[in-house]
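**Student:** Next comes the sequence, and after it the predicted model I'd like to discuss.
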Amino acid sequence: MYKNLRNHIESIVPLTDEEYTLVSSYFKIKFFKKHQFMVTEGELTSYNYYLVSGLTKLVYTDASAKQHILAFAMEDWWDTDYQAYFTQTKATLSLECLEDTQALCITLSDFHELCGALPKMERFFLEKVTRGFLASQRRILSLLTTSVQERYEQLIVQHPALLQRVPKTQIAAYLGVSREALSRLGPK
């Protein structure tokens, strides 16, 4: 499990064995069952999660109880309610497991301590945040400027494995359409 994290970090910054021993000491292993919540709306968010295995969805529930799927995360991805995590306030989002999930997690205080103890980890996390920010911008622009058909085709190209693991009702919610509308989509 920790080997996955090391490979993930070393795709951006190299680590000596001693440095990786330090890094791994800041993470806890957590196991979650399918349908279990890693982050629950209205509660404090203790951890940022690196997914070793499994699949999650990040959801916002509006005032009319409609769920809006902001993101899916799978192996080698990070996820949490970042606003709640970094501001140490109650979550406005929920992170639910769609499969049994194994994660390595880090508290905010350990995150800051690790970055202070090993500055190259700041560079690693900056790169991850930058990539996440760019992906969020692309998603927002896609929602504003492309058709549902185009968004569906982008999803197929960018994350083909996701379509095999996520129920079509959830894919439809992610794309912002009904299940029926999704069933009418297909390659053109």
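**Tutor:** It's in.
**Student:** all contacts plus neighbour counts: C-alpha atoms, from now on.
**Tutor:** OK.
**Student:** From the contact counts, what lies against the lowest-mean-pLDDT helix or strand in the chain?
**Tutor:** Within the chain, no helix or strand scores below helix 179-183, which has a mean of 80 by mean pLDDT, DSSP states H and E. When contacts are defined as 3 or more CA pairs under 8 Å, 6 or more residues apart in numbering; DSSP states H and E, helix 179-183 sits against helix 168-175.
**Student:** which secondary structure element contains residue 6?
**Tutor:** Here residue 6, judged by DSSP states H and E, is contained in helix 2-10.
**Student:** Repeat that for residue 68.
**Tutor:** Assessed by DSSP H and E, residue 68 sits inside strand 67-74.
**Student:** which sections of this protein are below the confidence cut-off?
**Tutor:** Along the chain, segments meeting pLDDT under 70 span 186-188.
**Student:** Quick test: name the residue nearest the centre of it.
**Tutor:** residue 79 (3.1 Å; CA atoms, centre = their mean).
**Student:** That residue: what's it in contact with?
**Tutor:** Neighbour list for residue 79: 48-51, 58, 73, 95 [criterion: CA atoms under 8 Å, 6 or more residues apart in numbering].
**Student:** So which of the residues you listed belong to helices?
**Tutor:** Judged by DSSP state H, helices contain none of the contacts of residue 79.
**Student:** Turn these into a markdown table, including neighbour count.
**Tutor:** Converted to a markdown table, the contacts of residue 79 look like this (neighbours: other CA atoms under 10 Å):
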| residue | neighbour count |
| --- | --- |
| 48 | 23 |
| 49 | 23 |
| 50 | 24 |
| 51 | 24 |
| 58 | 23 |
| 73 | 21 |
| 95 | 25 |
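**Student:** Bridging across strands, which residues link to the residue nearest to the centre of the chain?
**Tutor:** Residue 79 has these beta-bridge partners by DSSP bridges: residue 49.
**Student:** any idea how far it is from residue 117?
**Tutor:** For residue 79, the distance to residue 117 (CA to CA, to the nearest Å) stands at 23 Å.
**Student:** What's the local residue count around residue 162?
**Tutor:** 16 (other CA atoms under 10 Å).
**Student:** Pull the residues that contact the strand or helix carrying it.
**Tutor:** Per DSSP H and E, residue 162 falls inside helix 160-165. Applying CA under 8 Å, 6+ apart, the external contacts of helix 160-165 come out as 156, 171.
**Student:** Quick one: distance of that helix to the chain centre.
**Tutor:** The chain centroid and the centroid of helix 160-165 are separated by 15 Å, computed with CA atoms, centre = their mean, to the nearest Å.
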